[in-house]
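Asks: A predicted structure for the sequence below; I have some questions about it.
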Amino acid sequence: MKQITFAQAEHQNKKKVTRRERFLAEMNVLVPWQRLLDALSPSYYPDAAGKRGRPPTPLARMLRIYFLQQWYGLADEALEDAIYDSQAMRDFVGIDLSIESVPDATTLLRFRHLLERHLLTQRIFEEINASLAERGLFMREGTIVDATIIAAAPSTKNKAKQRDPAMKQPPV
């Protein structure tokens, strides 16, 4: 029998079920996890031996983390922090902090890039739509947006050493 941590015990004994917990419980049932794992597993190839770099993270866990990122609109670093902060998210993903850590932001970024490189985000969308259609439900439109803010030098001069007129802030 696995012993639970103080944080898990405290979380289990709270009186209220949060909206996040209700949402994640519903998504746990609605999302066709096994169908998605079957569709994505041929393209997922972490360092199986785990001898170098970060330890391999199971596809099921990475997929759940990816869904959290999409549902809550979080950047990789913010997602890593949110999972550390939220017991509900850790439960959904299946992470016990007394045994393991949350995959870091670089691991999350690499997983997103893998999905993009193999056009798997479209495959995820198709599998979810197929699953919803089988239940008599449908999704009309979906958008996946990925935005990253990158620190850049403050100069607005181009190669000709002149300022680009389109690169200025509008008057306040």
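Replies: Done, it's in.
Asks: any idea how far Q69 is from K161?
Replies: As for Q69, its distance to K161 is 41 Å (criterion: Cβ to Cβ, to the nearest Å). Every C-beta, even on glycine, is put in place using the N, C-alpha and C of the backbone.
Asks: ok, these two, which is more surrounded?
Replies: Using other Cβ atoms under 10 Å, the more surrounded residue of Q69 and K161 is Q69, with 21 against 6.
Asks: list the contacts of V17.
Replies: V17 sits next to no residue when contact means Cβ atoms under 8 Å, 6 or more residues apart in numbering.
Asks: phi, psi of it?
Replies: When read as degrees, to the nearest 10, the backbone of V17 gives phi -90, psi 120.
Asks: for it, give its distance to D91.
Replies: 12 Å.
Asks: ditto for A160
Replies: Applying Cβ to Cβ, the value for A160 to D91 is 57 Å.
Asks: where does this protein have low pLDDT?
Replies: Per-residue confidence for the chain (pLDDT under 70) gives these ranges: 1-13, 46-52, 54, 138-158, 163-172.
Asks: how about the strands in it?
Replies: Counting by DSSP state E, the chain yields no residue ranges for strands.
Asks: which parts of it are helices?
Replies: Shown for the chain, the helices assigned by DSSP state H span residues 6-12, 19-30, 33-40, 59-72, 76-85, 87-93, 105-117, 120-134.
Asks: which one, of those, ends up nearest to G53?
Replies: Among those, the nearest to G53 by Cβ to Cβ is helix 105-117 (9.3 Å).
Asks: rewinding a little: got CSV for the helices of the chain, with distance to G53 too?
Replies: Below are the helices of the chain laid out as CSV (distance: least, Cβ to Cβ, whole Å):
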stretch, distance to G53
helix 6-12, 29
helix 19-30, 30
helix 33-40, 21
helix 59-72, 15
helix 76-85, 17
helix 87-93, 21
helix 105-117, 9
helix 120-134, 22
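Asks: W71 reaches L30, doesn't it?
Replies: No - counting by Cβ atoms under 8 Å, W71 stays clear of L30, with 11.8 Å between them.
Asks: quick check, L120 in contact with L37.
Replies: No - the criterion here is Cβ under 8 Å, and L120 misses it with L37 at 11.7 Å.
Asks: neighbour count winner among those two?
Replies: A count of neighbours by other Cβ under 10 Å puts L120 above the other of L120 and L37, at 21 against 14.
Asks: residues in contact with the nearest residue in space to the more buried one that is not next to it in sequence?
Replies: Of all residues not flanking L120 in the chain, L40 sits nearest, at 5.7 Å (Cβ to Cβ, 6 or more residues apart in numbering). Applying Cβ under 8 Å, 6+ apart to L40 gives the contacts 59, 63, 115, 120, 123-124.
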